[in-house]
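1. Give me a model of this one.
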Amino acid sequence: MRFHTRKWVKPEDLNANGTLFGGKLLAWIDEEAALYSIVQLENPKVVTKYMSEINFMSAAKQGDIVEIGLDVVHFGKSSLVLKSEVRNMMTREKIITIDNITMVNLGEDGKPKPHGKTQIEFIEDRLKK
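-> This next block holds a predicted model:
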């Protein structure tokens, strides 16, 4: 799992229990998945189609730094399936796991469009081309 982004849990991110609000964390994951997919598919028109069961394993508190990790599970014809894990950066304790986040590549008409990708590409590899 590659951890791409860190977030600092601030007071405005907390729920009534004083821990990180689950909806805020899911928004961070969704944004990270979108950005990752946009870069991989080289298209700014990518949307989230599906998220599988979300497994909250521990809580994050104010002041914690969390890391959002993503891995590619599968390249579909017009989709990219990712899995995600969020962990406490300092303790490495898992906070949440999601086994399937399906992102769909869209054309100018807003409909799914084949992307032609079959494997992860790194930007430095694209620059060599």
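
2. Could you tell me how far I120 is located from N55?
-> Distance of I120 to N55, given as Cβ to Cβ, to the nearest Å: 24 Å. All C-beta atoms are positioned from the backbone trio N, CA, C, and that covers glycine.

3. Which residue, other than its chain neighbours, is closest to the residue nearest the centre of the chain?
-> Central residue of the chain (Cα atoms, centre = their mean): A33, 3.0 Å from the mean position. Excluding the flanking residues, the one nearest A33 by Cβ to Cβ, 6 or more residues apart in numbering is I101, at 4.9 Å.

4. Secondary structure element holding that neighbour?
-> Per DSSP states H and E: I101 is located in strand 94-105.

5. Could you list the paired strands of that strand along with their orientation?
-> Note on strand 94-105: by DSSP bridges, its sheet partners are strand 46-51 (antiparallel), strand 54-56 (antiparallel), strand 79-88 (antiparallel).

6. among the ones you listed, which is the most enclosed?
-> Stretch with highest mean neighbour count among the strands paired with strand 94-105: strand 79-88 (a mean of 22; mean count of other Cβ atoms under 10 Å).

7. show me where the protein has helices.
-> Using DSSP state H, the helices of the chain run over 22-41, 123-128.

8. Would you single out the least confident of these?
-> Among those, helix 123-128 carries the lowest mean pLDDT, a mean of 69.
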